[in-house]
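K.L.:
One predicted model, sequence on top.
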Amino acid sequence: MAAETPELKRTGAERESMQALYAQLLVGLINGSFYALLSLGLAVIFGMLNIINFAHGALYMMGAFVAYFLLNIWGINYWWALLLSPIVVGIFGMILERTMLKFLTGLDHLYGLLLTFGLALIIQGVFQNFFGSSGLPYSIPDQLRGGMNLGFMFLPVYRGWVVVFSLVVCLATWFLIERTRLGAYLRAATENPTLVRAFGINVPRMITLTYGLGVGLAALAGVLSAPINQVRPLMGADLIIVVFAVVVIGGMGSIMGSIITGFALGVIEGLTKYFYPEASNTVVFVLMVLVLLVKPTGLTGRAA
Amino acid sequence: MSKTAVASLLLSTALSFAAISAACADDKIVKIGALSDQSGLYADLGGPGSTLAAQMAVEDSGMTGKGWKIDIIAGDHQNKPDIGVNIARQWFDVDKVDVIVDVPNSGVALAVSNIVKEKNGILLDSGAGTSDLTNAQCTPNTIHWTYDTYTLAHGTGTALTKSGGDSWFFLTADYAFGAALERDTTAAVKATGGKVLGGVKAPLSTADFSSFLLQAQASKAKIIGLANAGADTTNSIKQAAEFGITSGGQKLAALLLFITDVHSLGLKTAQGLNFTETFYWDMNDATRAFAKRFQERMKNHNMPTMVHAGVYSSLLHYFKALEALGGNPHDGAKVVAKMKDMPTDDQLFGKGSIEPNGRKIHPAYLFEVKTPAESKGPWDYYKLVSTIPAEDAFTPLDKSTCPLLKK
C-alpha cells in the first residue's frame, strides 16, 4: 500500500489536504458525469425539438426502476439493463411524443414546459403510490465491486466505470449529431422542416426518434445511478433543477456546451462540498445567475 | 364612523361572542389534523401511514360508538416550515381542528408548535426529533410522544462510545433536527469519555454523499455519526459501503433509522447497524397484531414505523383524556393538562407517563440489524441489544430547560 511507504509517512498536513482536494475533484467529476448525461439529453431535445423537457427527471427515475424490475422480476442483470432500460423508457418517451408533445410544435415554450412538468408530477406520483418514498435497493454488479487505492483516495471501481462510460456515451452522442449525415439531417430539420421534407425525409419520425434518444440518455443515467443511490420515485426530482441550471449555463441546446458544463459543475460542486458544504446545493444556481448576467445565451450558446 | 363600519363592527362583535359561546360548550365533536410530509423523503416513516394510524386509533378507541363524532384530515407540509404553519393556521381558523398529530421534520414542528400555542390547540408530535420541543421551546399545548434527539444520542451514542468507539465525526443534516441531534450526541459522547473530531453539514435531500463521506474518512474517527434521516440516511449508508469506509475499520452510527429505511436498504447493506427506536413491530403479541392490521391496510404494505405507532398511541391517550373530561372543551391547554395528569398505558408502548414539560416517557431499545442469514423473512430485521429504561431515555426533568418548569 502506497500510504505505508516511509516517504509518504513524512507527509505534512499540507500534503494531506492536497490529497483531500484531489479526492474531492475526482468525486466532483463522478457527479459531473451524471449532470453531463442528463443535460446532454435535455440539450438534444431542446436543440432539435424546441421542447423544455421537464419530465427528464421522471424519465431518469423510470430508467432506474426499469433496471430494478428487470433484475428482480426477470433476473436480467445490470449489463443488459444498460441496454434494455434506455430502449424501454425511450419507447415510452416516443409514445409521449406521438400522443402529446407532437401537438405543441410551433407553440410557445411555456406549453411544452407545463405539459412535461405535469407529466413528471403524474409519473412520480404513480411510482410513489406503489413504491413509497424510501426507495428500493439495487446492488453494484459483481464485476464492478471493490475499489482501488489511488494513494490519495479509495476509488470504488463502479464510480470509475461511471465516469468512463458516460464520457464515451457523451462523446458518441456529440459525434452522432454534429459529425454524421443523420445528425446533419436532424439539424437541418430543426432549421427548416418544410425544406427537409421536400427532400423526402420523414421529419416527424425523425423528431420522435430524437425525443426517444434524449429520453434514452436520461434512462441510461438512471441505470448508472441505481447502484449508487437508492432507486426512489423522487431521485429525479431532486436532480432535475440542477441539471436545468447546467443546461442554462452551458447554453440552451448546445451539445458540447452541456457536456463540458456538466462535468465542470460537478467539480465546482464537489469543491464547494469541501470548502463550504452548506452552500453545496446552491452554488450551481449562483453560477447560473452570474453567467446569465454576463452572457445571457450561456457559455457556449449563440444568440437566438 | 359610517353606517356600514358600525354595522360590521357590531356584526363582528356578535360573531365573536357566538364563537366564544360555541367554544365554551363541551360537545362531542373532535377534528384531527394529520400533518406530515406526504410525498417527500419522510413520507414513508410518517406520511399516509400516520393518517392510517390516526384512523385506526379512532376505530379502536370505540369513541364513535359512544356518541362522539371524530373527523380526520390530512395535510402535506412538504418539509417547509412556512407551508406547515399556513396549513396549521387554516386548520385552526377555518376547519376548527382540535389536535394536530405527527409533524415530522423538526423545523416544521417547532414552527407549528408556536401556532398551536397561539391558537390554544394541541400538538401531539410523533415524527419530529428535536429535543427542543420539550426544552427551550416547550409549550403548554405540545406533547412530544415517540422519541427525541436525546433518546437517540443516549441510546446509540452512549452505547457505541462505551464499546470502544471513542472518537466521532458527524455527518449532519443542515437543519434544526440535524443540529439538535449532533448537539445531543456530542454531549452524550463526551459524557461517556469520547471525543468529537469534527463534522460536516450536508443540505437536506443531498443525492450524493461521497464528498462528505471522504471528509469523514479522512478524519480517521472511529465512528461516523449520521445525524440525518430518511433517504439521506439510506443514501449515506449505501455510499459509505461503496467507498470502503466500513471495511476500512470505521463504524457507522445511523443515529436515526426507521424500519422503512432498513427495508429500503436491504439487509445485505444494513446488517450490523446499531440504532435506537422506541417501537418495533415484532416485540410482543399486541405489537404484532397491530402491525398486521396496519400492514394489511397500508397501500404499499409497509410495516408501521415507531412514528406511526406514536400517532396511534398518542391519540388513544388523547381520547381517554376527553372521555375523562366528559366532552371536548376545545381548549388545548386544558386537555393537555388532563393528559399529563393521567398515566399512559397502551399496547404499543406499555405503561408510561407525560412529564410536565410535555415529554412522553417510555423505554427505548437499542437494536441491531440482523444479517440476511438471521432474518426469517420480510420485515424480520431487528434484534434487541439492550433496553434503555424510560428515565434514562429522555432528558431528566432537572436538566430540562423548559420554561414551564420554573415556578
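P.N.:
Okay, I see it. Residues are numbered from 1 along each chain as shown, chains lettered A, B, ... in the order given.

K.L.:
For the most centrally placed residue in chain B, what are phi and psi?
P.N.:
What sits nearest the mean C-alpha location of chain B, by CA atoms, centre = their mean, is residue B:127, with 2.3 Å. Taking degrees, to the nearest 10, you get phi -90, psi -30 for the backbone angles of residue B:127.

K.L.:
how far away is it from chain A?
P.N.:
To chain A, residue B:127 is 13 Å away according to CB to the nearest CB, to the nearest Å. For glycine as for every other residue, the C-beta is placed from the backbone atoms N, C-alpha and C.

K.L.:
With residue B:224 instead?
P.N.:
In terms of CB to the nearest CB, residue B:224 sits 14 Å off from chain A.

K.L.:
follow-up on the earlier one: and the pLDDT at the residue nearest to the centre of chain B?
P.N.:
Per-residue confidence (pLDDT) for residue B:127: 94.

K.L.:
That one contacts residue B:100, correct?
P.N.:
No: contact between residue B:127 and residue B:100 fails when scored by CB atoms under 8 Å: they sit 11.2 Å apart.

K.L.:
three-state assignment of the closest residue to the residue nearest to the centre of chain B other than its chain neighbours?
P.N.:
Spatial nearest neighbour of residue B:127, excluding adjacent residues (CB to CB, 6 or more residues apart in numbering or on different chains): residue B:104 at 2.7 Å. The assignment at residue B:104 comes out as coil when based on DSSP: H, G, I helix; E, B strand; the rest coil.

K.L.:
Which phi and psi values does residue B:143 adopt?
P.N.:
Taking degrees, to the nearest 10, you get phi -120, psi 130 for the backbone angles of residue B:143.

K.L.:
With adjacent residues omitted, what lies nearest to it?
P.N.:
Using CB to CB, 6+ apart, the nearest residue to residue B:143 is residue B:358, at 4.9 Å.

K.L.:
Near that neighbour, how many residues? Count them for me, please.
P.N.:
When neighbours are counted by other CB atoms under 10 Å in any protein chain shown, residue B:358 registers 27.

K.L.:
doesn't residue B:145 make contact with it?
P.N.:
No: Residue B:358 lies out of contact with residue B:145 (CB under 8 Å); the separation is 9.4 Å.

K.L.:
closest point of the stretch 301-407 of chain B to chain A, which residue?
P.N.:
At 6.4 Å from chain A, residue B:302 is the closest residue in the stretch 301-407 of chain B, using CB to the nearest CB.

K.L.:
Next up, the contacts around the spatially most central residue of chain A.
P.N.:
Nearest to the mean C-alpha position of chain A, counting by CA atoms, centre = their mean, stands residue A:38 at 1.7 Å. Residues near residue A:38 by CB atoms under 8 Å, 6 or more residues apart in numbering or on different chains: A:56, A:57, A:60, A:217, A:218, A:221, A:239, A:240, A:243, A:246, A:262.

K.L.:
Tell me which two of those sit farthest apart.
P.N.:
Farthest-apart pair in the contacts of residue A:38 is A:57 and A:262; separation 14.7 Å (CB to CB).

K.L.:
Grab the nearest non-local neighbour of the residue in the stretch 201-304 of chain A that chain B sits nearest to.
P.N.:
Per CB to the nearest CB, residue A:273 is where the stretch 201-304 of chain A lies closest to chain B, at 3.6 Å. For residue A:273, ignoring the flanking residues on the chain, the nearest one in space by CB to CB, 6+ apart is residue B:211 at 3.6 Å.

K.L.:
Packing partners of the strand or helix carrying the one you found?
P.N.:
Element membership of residue B:211 [criterion: DSSP states H and E] is helix B:210-218. With contacts taken as 3 or more CB pairs under 8 Å, 6 or more residues apart in numbering or on different chains; DSSP states H and E, helix B:210-218 sits against helix A:13-49, helix A:255-275, strand B:167-173, strand B:195-202, helix B:231-242.
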